[in-house]
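Enquirer: with the input below, show me the fold.
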Amino acid sequence: MCHFISGLIEKDFAINELNTIGKLYGINFSVCENSFVQSQLKPSEIYLIKTNKHCDCGTELGFLNRLKKKEDSGENKLSQLRKKGWSEAKIERWLNDKSNKQPFDPLGKKYPDLENWNSFIQTLFAQTKIKKFGLLLHWYRGDVFSERIKIKERIELIVDQLDISELLKIQEDGFYLIKRF
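Expert: Numbers count the residues shown, from 1 in each chain. This next block holds a predicted model:
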């Protein structure tokens, strides 16, 4: 269906303060009443959903992981070509053509979406007293309020360590918890 970005904050931090900073970056959150996800969080944490008029498909968050999955599916592609009746010689030519193309350097590219997220998070921590902000990327098959997301792991990052390369590596269904120290 679609990618959506969700998050979390501690109960002692006002969501309107989060959204005041977010407004500068086109980012807004509201409380997400998903009891399945909330049951996996600490009692002091509030689950949020990024609110906008559309999904977050095409987000650059976690782009390297999606790129890796695409590359890992290369054997499937070869199998599909064989099933279509391609000869080994034709497959070899196709692979040679593909390998002669300019290699893609994901770290040499500009990522305006990630720069926006990084600036938002850096400003959030610089201008408020927030102690923890979490990000979760999930491919939804159903409704955001009823999807049964199993959180794979909680990954903690210090805000000073956060940069574009970290945001590129976000894995789906892992809660990335950004903290002051």
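Enquirer: show me what Arg154 is bridged to.
Expert: On the basis of DSSP bridges, Arg154 is bridged to Phe175.
Enquirer: isn't it up against Gln171?
Expert: No: if you go by CB atoms under 8 Å, Arg154 and Gln171 don't touch, sitting 11.7 Å apart. For every residue, glycine as well, the C-beta is placed using N, CA and C.
Enquirer: can you pull the phi/psi pair for Tyr25?
Expert: phi -120, psi 10 (degrees, to the nearest 10).
Enquirer: for Glu172, see how far away it is.
Expert: The gap separating Tyr25 from Glu172 is 22 Å, by CB to CB, to the nearest Å.
Enquirer: cool, and Arg154?
Expert: 14 Å.
Enquirer: cool, and His138?
Expert: 6 Å.
Enquirer: same question for Ser39.
Expert: 19 Å.
Enquirer: so between those two, which is more surrounded?
Expert: Glu172 (16 against 8; other CB atoms under 10 Å).
Enquirer: and that one, what does it touch?
Expert: Gly62, Asn65, Leu137, His138, Trp139 (CB atoms under 8 Å, 6 or more residues apart in numbering).
Enquirer: in strands, which of those appear?
Expert: Leu137, His138, Trp139 (DSSP state E).
Enquirer: which helix or strand in the chain has the lowest average pLDDT?
Expert: Using mean pLDDT, DSSP states H and E, the weakest-scoring helix or strand in the chain turns out to be helix 63-72, at a mean of 65.
Enquirer: which phi and psi does Leu48 have?
Expert: According to degrees, to the nearest 10, Leu48 has phi -120, psi 160.
Enquirer: for this protein, what's the longest helix?
Expert: helix 112-127 (DSSP state H).
Enquirer: got the contact list for that helix?
Expert: In contact with helix 112-127 (CB under 8 Å, 6+ apart) are residues 18, 21-22, 24-27, 59-61, 63, 130, 133, 135, 159, 162-164, 167-168, 178, 180.
Enquirer: show me the contacts for the residue nearest to Gln171 when sequence neighbours are not counted.
Expert: With sequence-adjacent residues excluded and distances taken as CB to CB, 6 or more residues apart in numbering, Gln171 is closest to Asn65, at 5.4 Å. Residues in contact with Asn65, defined by CB under 8 Å, 6+ apart, are Lys169, Ile170, Gln171, Glu172.
Enquirer: which of these sits closest to Cys32?
Expert: Glu172 (16.7 Å; CB to CB).
Enquirer: and the gap between the closest one and Thr128?
Expert: 28 Å.
Enquirer: again, but for Ile155
Expert: Distance from Ile155 to Thr128, by CB to CB: 22 Å.
Enquirer: thinking again about what came up before, now the contacts of Asn65 in a markdown table, with secondary structure and pLDDT?
Expert: A markdown table is the format used below for the contacts of Asn65 (DSSP: H, G, I helix; E, B strand; the rest coil; pLDDT from 0 to 100):
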| residue | secondary structure | pLDDT |
| --- | --- | --- |
| Lys169 | coil | 89 |
| Ile170 | coil | 91 |
| Gln171 | coil | 91 |
| Glu172 | coil | 92 |
